[in-house]
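> Turn this into a model:
(chains A and B)
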There are 2 protein chains.
Amino acid sequence: MEIILAEKMGFCFGVKRTVNETQKLVDQNLIDAITFGPIIHNNDVITYFNQKGITYVNNLEELKQKLKEKKINTVVIRTHGVRKDILEEIKKLNLKVINGTCPYVTKVHKIVEKMSREGYPILIIGKADHPEIIGVTGYIDNNVPYFIIKNEEELNQIDFSKIKKIAVVSQTTEKIEKVQKIVSKLISFIPEVRYFKTICYATDENQEAVHKLAPNVDIMIVIGGKSSSNTKKLFEIAKQYCDRTYHIENEKDLDINWFNYDDKVGITAGASTPDWVIHNVINKIKEFSDILKNNTVKV
Amino acid sequence: MEIILAEKMGFCFGVKRTVNETQKLVDQNLIDAITFGPIIHNNDVITYFNQKGITYVNNLEELKQKLKEKKINTVVIRTHGVRKDILEEIKKLNLKVINGTCPYVTKVHKIVEKMSREGYPILIIGKADHPEIIGVTGYIDNNVPYFIIKNEEELNQIDFSKIKKIAVVSQTTEKIEKVQKIVSKLISFIPEVRYFKTICYATDENQEAVHKLAPNVDIMIVIGGKSSSNTKKLFEIAKQYCDRTYHIENEKDLDINWFNYDDKVGITAGASTPDWVIHNVINKIKEFSDILKNNTVKV
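Here you go, the predicted model:
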């Protein structure tokens, strides 16, 4: 078996930054801390911090409860960010706040805040129930309408008849091809379409690397959390080129029956997948390779 | 033969407006007038006004010369508009100025003026040597760069490396499909793309009518000036569906050999084609139909 890694994959700048900040708390034994939401979409990382004593709360009520129980003195905001009103509420509490929001997500917050204040209705391309998008909507001025769509078809469900101008952003992990289709359609009937490229560079690079790698391998292994949007996008892209594409969270999900002894195996990983998980996956596949090779030789 | 007219075709709002203004001068015998450039891209109309005594000048020098010769007291600005500096020079002369600039072109002037003042480099999709585009460039503030491209491929010739935001407009007669391709490409690498839909509604409607008609006829006749951009676009669209598509200026260009007696003939006309030319074309084709039918019956 030959294992080929995507040229770019794994931890992005934003994830690395927040995980490092949280790791610092562990290193300094400042574990009277909690994260607001799972800090990144990776269960292995969440479990790791959990074992070190840093767990998470799901909402403001849970946070207030923890504070009341005097169990915490520090809160780390998840990489995906939170709504503006929630952040303001958190800042009012008697807590040290470490804002782990990815700077690329903060950029989206600023764009929608400014554009909505200037009277632009907002179109967000992404998943309405994703924490990043929930956070982004919390920065839109109430005076303008906003719409969230996850594909081109959903444009048809929106009444644009009174919309003369619109600002468009996307989830930072969105696929550019989808965004292009949607913007193309919008510009055919809306007088002013103001598009901001909010897809982050890590998403661009990781996706581009899969476009290059997937056509040249027999099997693609995509490593990342099951809730991780950017990992799902990498899976979708790989699948376009390679039928035998599998999305796994870690090495435990691997199945030797997926592999042939002479496969070229491509590997990529989402932006929230830590290196150690990638290494474990590689080692496991090497083990499989040895087993399959020996079996083949025997036969 | 069956003749089917496109649902929408011929004189658009802007052309009708300017031709009417000029006709008023004829009606009132105020023919000490001249047009600045050919008022519309249609030789039959130009010839008509010429015969009535209203000719045109090509530039400021020619205009000043005519004025010096005391031959004129009124100038009509062409539908395509002129550069801002030229218009200002014209207004300084001792002449009555009738501004025939199409309001949809004036809208483009205002957009590029405002956007360039706000620091947006400008991308114009259209033909650099077309009078409309020459006029539009004259409204761009000198402090920003601007680019004119006529297709997607020409994007590659531009160095966008320092461009963080861009405002995009098109010639009012541009094809939306081409604009969509170009904007799709731009949004993949420029952080902010601010697109203004400057394709005018008449272009939209006339083009859409050809998309509907051309697939259902045997031969398409596209009537309009050879320099008329919007007519050329109608020709291109018709040609996609119908191999036997011909671009003619008027009935004199028609050739009986193009037709079969049992053809379904589709007709469309550019925004600068007057009704009388369209009627002449229809009548000529009817004549052909009779000739071909009789010949066929005889055989």
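
> Show me which residues of the helix or strand of chain A with the lowest mean pLDDT are buried.
Among the secondary structure pieces of chain A, namely its helices and strands, helix A:275-298 has the lowest mean (mean pLDDT, DSSP states H and E), a mean of 90. By neighbour count, with 16 or more other CB atoms under 10 Å in any protein chain shown as the criterion, the buried positions of helix A:275-298 are A:277-278, A:280-282, A:284-285, A:288-289, A:292. In short, each C-beta sits where N, CA and C put it, glycine included.

> Also stretch A:94-103?
Using 16+ other CB under 10 Å as the burial criterion, the residues of stretch A:94-103 that qualify are A:95, A:98-102.

> same deal with stretch A:171-183?
A:171-176, A:178-183.

> Just checking the distance from that stretch to the centre of its chain.
14 Å (CA atoms, centre = their mean, to the nearest Å).

> What average pLDDT does that stretch get?
Model confidence over stretch A:171-183 averages 95 on the pLDDT scale.

> Just the CA trace of it, in PDB.
What follows is the C-alpha trace of stretch A:171-183 in PDB, where atoms were taken according to Å, rounded to 0.1, in the frame of the first residue of the first chain:
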ATOM      1  CA  GLN A 171     -19.900  30.000   6.300                       C
ATOM      2  CA  THR A 172     -16.000  30.100   6.400                       C
ATOM      3  CA  THR A 173     -15.900  26.400   5.500                       C
ATOM      4  CA  GLU A 174     -18.300  26.600   2.500                       C
ATOM      5  CA  LYS A 175     -17.400  25.200  -1.000                       C
ATOM      6  CA  ILE A 176     -16.600  27.900  -3.500                       C
ATOM      7  CA  GLU A 177     -18.400  26.100  -6.300                       C
ATOM      8  CA  LYS A 178     -21.700  26.200  -4.400                       C
ATOM      9  CA  VAL A 179     -21.200  29.900  -3.600                       C
ATOM     10  CA  GLN A 180     -20.500  30.600  -7.300                       C
ATOM     11  CA  LYS A 181     -23.700  29.000  -8.400                       C
ATOM     12  CA  ILE A 182     -25.700  31.000  -5.900                       C
ATOM     13  CA  VAL A 183     -24.100  34.400  -6.600                       C
END
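
> now the helices: where do they sit in the stretch 101-250 of chain A?
When assigned using DSSP state H, counting those that start in this stretch, the helices of the stretch 101-250 of chain A occupy the ranges A:103-117, A:131-137, A:176-187, A:201-213, A:229-241.

> What's opposite the nearest residue to residue A:232 once chain neighbours are set aside in the beta bridge?
On the basis of CB to CB, 6 or more residues apart in numbering or on different chains, the spatially nearest residue to residue A:232 that is not a chain neighbour turns out to be residue A:247, at 7.3 Å. Residue A:247 has these beta-bridge partners by DSSP bridges: residue A:222.

> Pretty sure residue A:247 sits against residue A:222.
Yes. Using CB atoms under 8 Å, residue A:247 is in contact with residue A:222, at 4.8 Å.

> tally of neighbours for residue A:169?
26 (other CB atoms under 10 Å in any protein chain shown).

> and it, what is it in contact with?
By CB atoms under 8 Å, 6 or more residues apart in numbering or on different chains, residue A:169 lies in contact with A:108, A:111-112, A:122-125, A:136, A:196, A:198.

> Apart from its chain neighbours, what residue comes closest to it?
Of all residues beyond its chain neighbours, the one nearest residue A:169 is residue A:198 (4.6 Å), with distances taken as CB to CB, 6+ apart.

> Could you do residue A:244 as well?
For residue A:244, the nearest residue in space outside its immediate sequence neighbours is residue A:219; the separation is 4.2 Å by CB to CB, 6+ apart.

> measure that neighbour to residue A:296 for me?
Distance, residue A:219 to residue A:296, by CB to CB, to the nearest Å: 16 Å.

> Chain B contacts on chain A?
Residues of chain A found near chain B (CB under 8 Å from any CB of the partner chain) are A:176, A:179-180, A:183-184, A:187-197.

> Apply 7 Å and report the result again.
Proximity of chain A to chain B (CB under 7 Å from any CB of the partner chain) is limited to residues A:176, A:179-180, A:183-184, A:187-188, A:190-197.

> hmm, which of those are the buried ones?
In these, the ones that pass as buried (16+ other CB under 10 Å) are A:176, A:179-180, A:183-184, A:187, A:190, A:192-197.

> coming back round to it: the residue nearest to residue A:232 touches residue A:221, doesn't it?
No. With contact taken as CB atoms under 7 Å, residue A:247 and residue A:221 are classed as non-touching, separated by 8.4 Å.

> Which one's more surrounded, these two?
For residue A:247 and residue A:221, the more surrounded residue by other CB under 10 Å is residue A:221, and the numbers stand at 27 against 21.

> If I look at the more buried one, what pLDDT would I see?
Per-residue confidence at residue A:221 stands at 98 (pLDDT).

> In space, what's closest to it - neighbours in sequence excluded?
If you skip the residues right next to it in sequence, residue A:221 has residue A:267 as its closest partner in space, 5.1 Å away by CB to CB, 6+ apart.

> what about the strands in the stretch 1-150 of chain A?
In order along the chain, the stretch 1-150 of chain A carries the following strands (DSSP state E, counting those that start in this stretch): A:2-5, A:33-36, A:55-57, A:74-77, A:96-99, A:122-125, A:146-149.
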